[in-house]
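**Student:** What follows is a predicted structure for the sequence shown.
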Amino acid sequence: MMHVIETVSLKLEPQTAAHAEQMFAVLSDPAIYEHENIAYELSSPYWGRGLARQAVQAMISELVERYQVHQLTAVFKRKNLRSMRLLERLGFSPASPEQRMKHHVEPGERLMQREER
């Protein structure tokens, strides 16, 4: 069961019907659909503030510490340089051609991975 994860300036909580009105505003922002494969959504007025990095790092820590996840992968659109830079800052590196095939990465997408020890 998902629980609330808090960072210095963020509170990540499981999405419920109570979030519908707020999420409608986020999902109505055409800017987020430029790179539709992203597994997280952050309203465009909040881009560039380090919030995505903080949120993704918190989720990575949760996966590693609570669920003992040792291999992390991320697929994103090649044009999405923001996600690529975010993943690089979080220690991800480009996946091998073999990994791309294993994960069925489509043309126009990139796959990055990070190994936890």
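**Tutor:** Yep, that arrived.
**Student:** any idea how far residue 7 is from residue 75?
**Tutor:** 24 Å (CB to CB, to the nearest Å). Quick note: C-beta positions are derived from backbone N, CA and C, even for glycine.
**Student:** more neighbours, these two?
**Tutor:** Neighbours were counted for residue 75 and for residue 7 using other CB atoms under 10 Å; residue 75 has more, 18 against 13.
**Student:** would that one count as being in a strand?
**Tutor:** Yes. Membership of residue 75 in a strand is supported by DSSP: H, G, I helix; E, B strand; the rest coil.
**Student:** mind listing what it touches?
**Tutor:** 37, 103, 105, 109, 110, 111 (CB atoms under 8 Å, 6 or more residues apart in numbering).
**Student:** out of the residues you listed, which are buried?
**Tutor:** 105, 109, 110, 111 (16 or more other CB atoms under 10 Å).
**Student:** Show me where this protein has its helices.
**Tutor:** With helices called from DSSP state H, the chain shows them at 20-27, 51-67, 81-89, 97-102.
**Student:** quick revisit: columns distance to residue 41 and pLDDT on top of the buried ones among the contacts of residue 75, output as TSV?
**Tutor:** Formatted as TSV, these follow (distance: CB to CB, whole Å; pLDDT from 0 to 100):
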residue	distance to residue 41	pLDDT
105	21	94
109	18	93
110	19	95
111	20	96
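**Student:** circling back: can you tell me which two in the contacts of residue 75 are farthest apart?
**Tutor:** Pairwise distances across the contacts of residue 75 peak at 12.4 Å for 37 and 103 (criterion: CB to CB).
**Student:** low-confidence ranges in the protein?
**Tutor:** 1, 35-37, 39 (pLDDT under 70).
**Student:** picking up where we left off before, would you list the helices of the chain in TSV and tack on mean neighbour count?
**Tutor:** Shown next, in TSV, are the helices of the chain (neighbours: other CB atoms under 10 Å):
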stretch	mean neighbour count
helix 20-27	11
helix 51-67	15
helix 81-89	16
helix 97-102	12
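**Student:** Which one, of the ones you listed, ends up nearest to residue 3?
**Tutor:** helix 51-67 (8.7 Å).
**Student:** by contact count, what packs against the closest one?
**Tutor:** Contacts defined by 3 or more CB pairs under 8 Å, 6 or more residues apart in numbering; DSSP states H and E place helix 51-67 against strand 5-6, strand 11-12, helix 81-89.
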